[in-house]
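**Student:** Curious how this folds, go ahead:
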Amino acid sequence: MRVLVLVQDPGERRRATTALSLQEGIEVVESPSPKDARAIMRASEPFDVLVIDGDIQPQGGFSFLYELRAQDVLEGRTTPPALLLIAREQDRFLTDWSGANELLLKPVDPFEVARRVRALSGAPPAPRDPGDESGEQVPGQPGAPGKGQSNDAAASGGAA
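**Tutor:** Predicted coordinates:
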């Protein structure tokens, strides 16, 4: 499985790629900017999943994904499923507008990113941590943009 991670902030990019890089059969390609991501996508094999930060500059991840999907429709291509990383609960509507398949609130849990990517690609779930007694493999509703739940304090309306 090939995953393109478009995240500008080095720390957030590291959190988004750490668990993905540890899993067998997943090739992670990182990009710090929309311009670089476009060049990578033109010059390489197709990706199975996109992980995009909604806060990338100067264009913004929401706009990048929206334009990518529109261009793919015009050219008869299928856009890979996309996981958008958002900083604010209020940006959920932009996730819907952009055509994202999933979202996670930042700062992201590296293992949750990996679980969501595997779910989006149709791969079997990664093994759970034996110490995790929650019973949930992937919180929320995969494939329902803006509808998933997060264990993040911001998502639940709690204070950090």
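**Student:** For stretch 51-68, list every residue counted as buried.
**Tutor:** Across stretch 51-68, burial judged by 16 or more other Cβ atoms under 10 Å covers 51-56, 60-66, 68. All C-beta spots, glycine's among them, are computed from the backbone N, C-alpha and C.
**Student:** In strands only, show me those residues.
**Tutor:** Of the positions in the buried residues of stretch 51-68, 51-53 sit in strands, assigned by DSSP state E.
**Student:** Now distance to N101 and pLDDT too, for those, in JSON lines please.
**Tutor:** Formatted as JSON lines, these follow (distance: Cβ to Cβ, whole Å; pLDDT from 0 to 100):
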{"residue": "V51", "distance to N101": "11", "pLDDT": "98"}
{"residue": "I52", "distance to N101": "11", "pLDDT": "98"}
{"residue": "D53", "distance to N101": "15", "pLDDT": "97"}
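**Student:** any idea which of these is the one closest to P10?
**Tutor:** D53 (11.5 Å; Cβ to Cβ).
**Student:** what sits opposite the closest one in the beta ladder?
**Tutor:** Beta bridges link D53 to L85, judged by DSSP bridges.
**Student:** Wait, it touches Q8, no?
**Tutor:** Yes: between D53 and Q8 there is a contact under Cβ atoms under 8 Å: 6.2 Å.
**Student:** Would you mind pointing out the helix or strand the residue nearest the centre of the chain falls in?
**Tutor:** Among the residues of the chain, the one closest to the centroid is L83, at 2.6 Å (Cα atoms, centre = their mean). L83 belongs to strand 82-86 when assigned by DSSP states H and E.
**Student:** just to revisit the earlier point, so of the buried residues of stretch 51-68, which ones are in helices?
**Tutor:** Secondary structure from DSSP state H places 61-66, 68 of these in helices.
**Student:** and these as a markdown table, adding distance to G76?
**Tutor:** What follows is those, written out as a markdown table (distance: Cβ to Cβ, whole Å):
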| residue | distance to G76 |
| --- | --- |
| G61 | 24 |
| F62 | 24 |
| S63 | 22 |
| F64 | 20 |
| L65 | 18 |
| Y66 | 18 |
| L68 | 14 |
